[in-house]
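Peer 1: Requesting a structural model of the entry that follows:
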Amino acid sequence: MGGVPNVTRADAVAAVRNPLAFIADRWTPTPRTVQRAALFALVMSVVIVVTGGAVRLTGSGLGCPTWPKCTADSLTATSEMGFHGAIEFGNRMLTYVLCAAVGWAIIAARSEKPYRRSLTRLGWAQFWLVMGNAILGGIVVLVGLNPYTVAAHFLLASALTAVATLMWQRTREGDGAPEPVVGTSVRQLVWFLVGASALLIAVGTVVTGSGPHAGDSSEVERMPLDWETVSKLHAVLAWIVVTLTFALWFVLKAVDSPKGPLDRVRDLFLVLLAQGVIGYVQYFTDLPEALVGVHMFGSCLVWIAVLRVLLALRERPVDGVDLQLPRPAGRVEATSR
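Peer 2: Numbers count the residues shown, from 1 in each chain. The predicted structure is shown next:
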């Protein structure tokens with residue numbers, strides 16, 4: 001039976017003063033562990049969006065009518081609150097799981113050797129986004145599910161997903177200066193695609209804010225817009241994103257792009273195709289709750305796929321050694337003309 005390691009008073013003080021540094025001095029995770037921690041944080045950023053959608057679609061948005069408590073007299077949902085209270089309180093509890101996932105990503109990034117400050121900063125950025133959105137979620141409840149605060153709540157969650165995606169990508173590459181694998185004109189086209197996708201998501205929150213699923217069975221304020229018109233605008237933007245994706249694939253083939261960007265564009269196109277089918281079906285079937293929930297999940301996947309296309313346009317070497325597949329010399333120069 002092994003002995004218990006001695007913990008000196010100096011160790012205890014160090015652990016209290018800087019627990020992350022204390023752990024990092026005594027533990028070195030493998031690169032795969034760091035990657036998995038970042039991926040778990042990304043997965044949870046999507047899960048919290050989907051469960052938040054379930055709260056709205058089941059009419060449980062005010063299942064816990066106050067915040068930070070569930071009721072004026074209880075921190076937790078009570079049996080008298082029934083199904084809606086359990087759904088809303090369950091979503092609140094998942095925020096702690098998300099915090100744990102982000103915390104694990106921060107600890108793993110801080111403990112990796114050599115230390116990569118950029119990874120740790122991305123982890124902390126996620127933490128502050130989670131904290132900010134938790135407060136905003138409380139405000140959403142306190143103002144009775146005001147649609148503008150609900151829209152802001154979703155957009156902040158999308159920002160969290162973006163940072164989580166970036167951190168996951170950065171765990172799989174080095175800290176060298178980014179080297180473009182395509183020309184300037186192609187990168188500009190992709191940035192236009194990213195902007196159009198962000199606008200698509202933003203307009204999607206307006207569709208939600210003016211549509212029938214208010215989040216509660218009581219009389220909830222809606223955005224003073226015609227839902228049908230906003231939905232058609234959303235569809236037009238979706239077709240613009242699909243067209244840009246299709247055009248980008250042909251451009252990448254024309255300039256003999258490396259395999260990475262082509263694969264990411266293919267993935268995006270497939271996700272957009274599935275999301276489009278779901279979107280039209282839900283529109284013509286009077287927005288059944290289950291399909292709306294799947295559409296919200298698809299929105300997260302579209303955003304992640306778009307960001308992965310953007311991140312595939314450059315490579316970052318480790319210690320001056322390029323980890324990606326080699327490409328013919330002069331490709332970047334040729335495609336930038």
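Peer 1: in the stretch 51-200 of the chain, which spans are strands?
Peer 2: For the stretch 51-200 of the chain, the strands defined by DSSP state E, counting those that start in this stretch cover 179-180.
Peer 1: Quick one: low-confidence residue ranges for it.
Peer 2: Low-confidence segments of the stretch 51-200 of the chain, defined by pLDDT under 70, span residues 80.
Peer 1: which residues of it fall in helices?
Peer 2: Secondary structure of the stretch 51-200 of the chain (DSSP state H, counting those that start in this stretch): helices at 82-111, 117-142, 147-170, 184-210.
Peer 1: To residue 59, which of those lies closest?
Peer 2: Proximity to residue 59 (C-beta to C-beta) singles out helix 82-111 among the helices of the stretch 51-200 of the chain, at 6.6 Å. Yep, even glycine has a C-beta here, placed from its N, CA and C like the rest.
Peer 1: That closest one packs against which elements?
Peer 2: Other elements packing on helix 82-111 under the criterion 3 or more C-beta pairs under 8 Å, 6 or more residues apart in numbering; DSSP states H and E are helix 19-26, helix 31-57, helix 117-142.
Peer 1: go again using 10 Å as the cut-off
Peer 2: helix 19-26, helix 31-57, helix 117-142, helix 147-170 (3 or more C-beta pairs under 10 Å, 6 or more residues apart in numbering; DSSP states H and E).
Peer 1: Give me the angle between the second one and helix 82-111.
Peer 2: I take that to be helix 31-57. Interaxial angle of helix 31-57 relative to helix 82-111 (axes from the mean of the first three to the mean of the last three C-alpha atoms, to 10 degrees): 160 degrees.
Peer 1: what's the answer for the last one, then?
Peer 2: Per the same axes, to 10 degrees, the angle that helix 147-170 makes with helix 82-111 is 30 degrees.
Peer 1: helices and strands around helix 147-170, which ones?
Peer 2: Using 3+ C-beta pairs under 10 Å, 6+ apart, helix 147-170 sits against helix 31-57, helix 82-111, helix 117-142, helix 184-210, helix 289-311.
Peer 1: How about the first one?
Peer 2: Here helix 19-26 touches helix 9-17, helix 82-111, going by 3+ C-beta pairs under 10 Å, 6+ apart.
Peer 1: Could you rerun that using 7 Å?
Peer 2: Counting contacts by 3 or more C-beta pairs under 7 Å, 6 or more residues apart in numbering; DSSP states H and E, helix 19-26 packs against helix 82-111.
Peer 1: quick one: average pLDDT of whichever strand or helix holds residue 273?
Peer 2: Assigned by DSSP states H and E, residue 273 belongs to helix 259-284. If you average the pLDDT over helix 259-284, you get 92.
Peer 1: Now do it against helix 184-210, angle only.
Peer 2: 20 degrees.
Peer 1: Can you give me the buried ones in helix 259-284?
Peer 2: 260-262, 264-265, 267-269, 271-272, 275-276, 278-279, 282-283 (16 or more other C-beta atoms under 10 Å).
Peer 1: Tell me the helices and strands packed up against that helix.
Peer 2: helix 227-254, helix 289-311.
Peer 1: Recalculate using a threshold of 10 Å.
Peer 2: Looks like helix 259-284 contacts helix 184-210, helix 227-254, helix 289-311, strand 314-315 (3+ C-beta pairs under 10 Å, 6+ apart).
Peer 1: Now find how far off-centre the first one is within its chain.
Peer 2: Read it as helix 184-210. 15 Å (C-alpha atoms, centre = their mean, to the nearest Å).
Peer 1: Which strands or helices does that helix pack on?
Peer 2: Partner elements for helix 184-210 (3+ C-beta pairs under 10 Å, 6+ apart): helix 147-170, helix 227-254, helix 259-284, helix 289-311, helix 331-335.
Peer 1: which residues sit in contact with the spatially most central residue of the chain?
Peer 2: In the chain, the C-alpha nearest the mean C-alpha coordinate belongs to residue 161, at 1.4 Å (C-alpha atoms, centre = their mean). The neighbours of residue 161, taking C-beta atoms under 10 Å, 6 or more residues apart in numbering as the test, are 41-42, 45-46, 48-49, 126, 129, 299-301, 303-304, 307.
Peer 1: now swap in residue 76 and tell me
Peer 2: Residue 76 touches 64, 69-70, 85-86, 89, 92-93, counting by C-beta under 10 Å, 6+ apart.
Peer 1: and of the residues you listed, the nearest to residue 243?
Peer 2: Of the contacts of residue 76, the one sitting nearest to residue 243 (C-beta to C-beta) turns out to be residue 92, at 40.2 Å.
Peer 1: wait, residue 257 sits on residue 266?
Peer 2: No. In this structure, residue 257 is not within contact of residue 266 by C-beta atoms under 10 Å, at 11.7 Å.
Peer 1: Can you check which residues contact both of the two?
Peer 2: What both residue 257 and residue 266 touch, as defined by C-beta under 10 Å, 6+ apart, is the set residue 249.
Peer 1: sorry, back to before: select, out of the helices and strands packed on helix 259-284, the one closest to residue 177.
Peer 2: Between those, strand 314-315 lies closest to residue 177; by C-beta to C-beta that is 9.3 Å.
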